[in-house]
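Enquirer: Output the structure for:
(one chain, ligands or ions: 1)
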Amino acid sequence: MAEIEIRNLGIDYRKPNSDEVFAAVDDISLSIAAGEFVSIVGSSGCGKSTLLLSVAGLVKIARGTITIGGRPVSGPGPDRAVVFQDASLLPWRTVLGNVRFGLEMQRWTGGDLTERAMSMIKLVGLARFADYHPHQLSGGMRQRVNIARALAVDPQVLLMDEPFGALDAQTREIMGGELLRIWEGDKKTALFVTHDIDEAIFLSDKVVVMGRNPGHIKEVIAIDLPRPRTQEILDTPQFTEYRRRLRAHLAADMAGMHFMEEAA
Ligand SMILES: Nc1ncnc2c1ncn2[C@@H]1O[C@H](COP(=O)(O)OP(=O)(O)OP(=O)(O)O)[C@@H](O)[C@H]1O
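Expert: Residues are numbered from 1 along each chain as shown. The predicted structure is shown next:
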């Protein structure tokens with residue numbers, strides 16, 4: 001059975017300064033197996049974040065269902081952890097304090113909190129910085145802390161919304177590799193939103209391509225590349241072919257957007 005099962009999902013939002021509602025995503029069905037790494041790509045505003053937030057239980061489901069491990073999602077829960085683009089760290093707490101905070105919030109009972117937090121900080125390569133405060137860290141390091149905090153509570157599902165979106169290209173590439181190393185260690189089910197096609201292919205078992213108005217799934221592409229993945233894979237013919245397919249999808253979507261703007 002799939003770990004995450006999304007069936008005919010629809011999410012509505014209210015238009016700004018109006019009572020009118022519109023479907024941000026509609027009729028989305030997707031099955032994600034336990035331990036799978038799935039990325040969501042698509043043009044801006046097509047509903048990627050909305051889909052991720054719905055799995056997190058942070059937006060109201062208007063139509064359809066989402067189940068995690070067979071249980072319907074009706075709000076946030078300890079089985080899911082979310083990492084957003086901007087590391088939401090507490091500035092007055094150290095790295096250790098921030099990772100501990102996640103455990104404190106979940107009333108972690110799986111052993112000593114500091115020990116657990118430290119093991120996660122080591123996992124993301126920040127052991128030497130445990131006493132630092134967020135402002136003393138680079139953007140990439142802050143995002144590592146965010147990931148450590150999310151993983152510390154041992155969620156079944158890790159949800160990431162453009163977690164490397166604010167980082168420079170090189171740091172982003174390094175962080176992608178790091179994320180895979182961590183994920184390969186204990187294979188959480190991962191759902192990852194990105195604008196970056198190469199990042200999506202490099203990380204994923206499946207790439208979900210979304211289209212817009214309302215947000216829907218255009219195609220789910222299985223990425224049949226060997227693991228563990230290294231940067232060399234980016235230059236292989238298979239990788240290039242996946243890139244070509246995904247670019248063609250997104251280009252078609254962009255062309256549709258221009259057409260709509262002209263028609264408006
Ligand atoms: N809280 C909200 N209230 C009203 N409309 C919203 C809300 N959040 C998102 N929207 C709208 O819903 C649609 C989907 O937004 P969403 O953020 O899910 O798209 P996205 O694909 O993640 O976009 P981006 O790639 O630009 O981050 C957009 O039209 C957006 O303007």
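Enquirer: Residue numbers of the stretch 1-150 of the chain in contact with the ligand?
Expert: Selection of the stretch 1-150 of the chain residues close to the ligand by Cβ under 6 Å from any ligand atom yields 13, 24, 42, 44, 45, 46, 47, 48, 49, 50. Glycine gets a C-beta too; all of them are placed from N, C-alpha and C.
Enquirer: low-confidence ranges in the chain?
Expert: Along the chain, segments meeting pLDDT under 70 span 1, 256-264.
Enquirer: Distance from stretch 95-114 to the middle of the chain?
Expert: Put simply, stretch 95-114 sits 22 Å off its chain's centre (Cα atoms, centre = their mean, to the nearest Å).
Enquirer: So for it, what gets flagged as buried?
Expert: By neighbour count on 16 or more other Cβ atoms under 10 Å, the buried set for stretch 95-114 is 95, 96, 97, 98, 99, 100, 101, 102, 103, 108, 113.
Enquirer: Assign a three-state SS to the fourth one, would you?
Expert: Yep, that's residue 98 we're talking about. With DSSP: H, G, I helix; E, B strand; the rest coil as the basis, residue 98 sits in helix.
Enquirer: Tell me how far it lies from residue 58.
Expert: Distance, residue 98 to residue 58, by Cβ to Cβ, to the nearest Å: 21 Å.
Enquirer: With the first one instead?
Expert: Going from residue 95 to residue 58 by Cβ to Cβ gives 26 Å.
Enquirer: Check residue 108 too.
Expert: Taking Cβ to Cβ, one finds residue 108 at 21 Å from residue 58.
Enquirer: Doesn't residue 12 lie inside a helix?
Expert: No. Looking at residue 12 with three-state DSSP, it is strand, so not inside a helix.
Enquirer: Next up, the contacts around it.
Expert: Listed by Cβ atoms under 8 Å, 6 or more residues apart in numbering, the contact set of residue 12 reads 21, 22, 23, 24, 60, 62.
Enquirer: Including secondary structure and neighbour count, could those go into JSON lines?
Expert: Below are the contacts of residue 12 laid out as JSON lines (DSSP: H, G, I helix; E, B strand; the rest coil; neighbours: other Cβ atoms under 10 Å):
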{"residue": "21", "secondary structure": "strand", "neighbour count": "11"}
{"residue": "22", "secondary structure": "strand", "neighbour count": "12"}
{"residue": "23", "secondary structure": "strand", "neighbour count": "18"}
{"residue": "24", "secondary structure": "strand", "neighbour count": "23"}
{"residue": "60", "secondary structure": "coil", "neighbour count": "11"}
{"residue": "62", "secondary structure": "coil", "neighbour count": "16"}
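Enquirer: Make CSV from those and add distance to residue 144 to it.
Expert: CSV is the format used below for the contacts of residue 12 (distance: Cβ to Cβ, whole Å):
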residue, distance to residue 144
21, 39
22, 37
23, 36
24, 31
60, 32
62, 36
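Enquirer: Could you work out the most separated pair of those?
Expert: Across the contacts of residue 12, no pair lies farther apart than 22 and 60, at 14.1 Å, counting by Cβ to Cβ.
Enquirer: circling back: report the two of the buried residues of stretch 95-114 separated the most.
Expert: Going by Cβ to Cβ, the pair spanning those furthest: 95 and 108, at 17.2 Å.
Enquirer: coming back round to it: Throw together a ChimeraX command that grabs the buried residues out of the residues of the stretch 1-150 of the chain next to the ligand.
Expert: Burial among these is assessed by 16+ other Cβ under 10 Å; the matching ChimeraX selection reads:
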select :13,24,42,46,47,48,49,50
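Enquirer: Make CSV from the residues of the stretch 1-150 of the chain next to the ligand and add secondary structure and distance to residue 174 to it.
Expert: Putting these into CSV (DSSP: H, G, I helix; E, B strand; the rest coil; distance: Cβ to Cβ, whole Å) gives the following:
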residue, secondary structure, distance to residue 174
13, strand, 35
24, strand, 33
42, coil, 25
44, coil, 25
45, coil, 29
46, coil, 28
47, coil, 29
48, helix, 23
49, helix, 24
50, helix, 29
